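**Student:** sequence? don't have it. structure:
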């Protein structure tokens, strides 16, 4: 698990990339009428896999949504804004939840991390079957107002296609989303990453047609990852002949903000009767964070102190 929340500004991105590996880029093309994001997320998806002990197909599903979340987080306006992506399907994975901020911190979990499914005929992990049919909900917590929520039906359960439909339906922004996670024979994450390409107002028909033709040639993001392509390489491949301009490079990491203090507050919210019942059991209570798997144990004496706090 990552130790510290990312600062708004990382002064030495080359050093960050060398030490941590994961990062993303923001870019424009076609005189600013196309905006683009691309990310490398090997390490953060690997940390999520390690924390949650996910099976290969669950790793791929969670990794794809984590990658999308970290890129969508950079679209937020305020420093304290958060975006949460929730997929709820009728497949065996149950659900996936991811939360990201504006600086590259992302966290997430799946409801059923240990599901196993056979690969598809082409050898790819069957994320669509794992997720099934259901809904994608996107919640934006904005410091400037109340949370805003939007929901769309899942198109395929493959996640990238579902997010493409979300952007078109809920945000009225024509987009193309590509996400990929490569899992090795040892079930560990080898590579992970993705891109989001969006058409802005004023985009010409010529640019749209050119981009559509280019996207038709892309088999999958995993093909890019297998070649060792960087986020810059991926955008160059897609938008290189459309005046691609890399605007900035940003860090990315798996980070959970849980703490013993937060868990204490969670216990207090349960109410005095619930805490009293725990004390009466005479045994320590263990709470687990859904996002990172970290465990917090409270002794009976600590529960008594928490009860006193709740009565204050």
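**Tutor:** Alright, I've got the coordinates. Remember, it's a predicted structure, so these values are computed and weren't measured experimentally.

**Student:** where do the strands sit along the stretch 151-300 of the chain?
**Tutor:** For the stretch 151-300 of the chain, strands defined by DSSP state E, counting those that start in this stretch occupy the ranges 175-183, 189-199, 245-251, 253-254, 285-288, 295-298.

**Student:** mind listing the strands for the stretch 1-150 of the chain?
**Tutor:** Under DSSP E, counting those that start in this stretch, the stretch 1-150 of the chain gives strands at 23-29, 34-40, 82-89, 95-101, 105-110, 134-141, 148-153.

**Student:** buried sites along the last one?
**Tutor:** Counting neighbours by 16 or more other CB atoms under 10 Å, one finds that the buried residues in strand 148-153 are residue 152. The C-beta positions use only the backbone N, C-alpha and C, and glycine is treated the same way.

**Student:** if you average pLDDT over that strand, what comes out?
**Tutor:** For strand 148-153, the mean per-residue pLDDT is 92.

**Student:** helices or strands next to it in the packing?
**Tutor:** For strand 148-153, the packing partners by 3 or more CB pairs under 8 Å, 6 or more residues apart in numbering; DSSP states H and E come out as strand 134-141, helix 160-170.

**Student:** give me the contacts around the longest one.
**Tutor:** Contacts with helix 160-170, where a contact means CB atoms under 8 Å, 6 or more residues apart in numbering, come from 64, 68, 87, 136, 138, 150-152, 154-156, 173-179, 194, 196, 198, 221.

**Student:** I'd like to know which of these are buried.
**Tutor:** Here, 16+ other CB under 10 Å leaves 64, 68, 87, 136, 138, 152, 154-155, 173, 175-179, 194, 196, 198, 221 buried among the contacts of helix 160-170.

**Student:** which residue is nearest the middle of the chain?
**Tutor:** residue 66 (1.9 Å; CA atoms, centre = their mean).

**Student:** before we move on, the earlier item: between the strands of the stretch 1-150 of the chain, which one is nearest to residue 283?
**Tutor:** strand 105-110 (26.0 Å; CB to CB).

**Student:** what angle do that closest one and strand 95-101 make?
**Tutor:** 170 degrees (axes from the mean of the first three to the mean of the last three CA atoms, to 10 degrees).

**Student:** now do strand 105-110, average pLDDT.
**Tutor:** Averaging pLDDT residue by residue across strand 105-110 gives 96.

**Student:** what's the average pLDDT for stretch 48-63?
**Tutor:** 95.

**Student:** deepest in the core, which of the strands of the stretch 1-150 of the chain is it.
**Tutor:** strand 105-110 (a mean of 27; mean count of other CB atoms under 10 Å).

**Student:** and it, what does it pack against?
**Tutor:** Under the contact definition 3+ CB pairs under 8 Å, 6+ apart, strand 105-110 sits against helix 42-52, helix 56-73, strand 95-101, strand 253-254.

**Student:** and residue 126, what does it touch?
**Tutor:** Here residue 126 is in contact with 57, 117, 118, 119, 120 (CB under 8 Å, 6+ apart).

**Student:** do residue 287 as well
**Tutor:** 263, 266, 267, 295, 296, 297, 298 are the contacts of residue 287 under CB under 8 Å, 6+ apart.

**Student:** can we see that at 7 Å?
**Tutor:** 263, 296 (CB atoms under 7 Å, 6 or more residues apart in numbering).

**Student:** the one 10 residues further on now?
**Tutor:** Under the criterion of CB under 7 Å, 6+ apart, the contact list for residue 297 reads 284, 286.

**Student:** now with 8 Å, please.
**Tutor:** Here residue 297 is in contact with 284, 285, 286, 287 (criterion: CB under 8 Å, 6+ apart).

**Student:** pick the one among those residues closest to residue 206.
**Tutor:** residue 287 (56.8 Å).

**Student:** separation between that closest one and residue 5?
**Tutor:** 21 Å (CB to CB, to the nearest Å).

**Student:** then residue 70?
**Tutor:** Applying CB to CB to residue 70 and residue 5 gives a distance of 14 Å.

**Student:** more neighbours: which of these two?
**Tutor:** residue 70 (33 against 13; other CB atoms under 10 Å).
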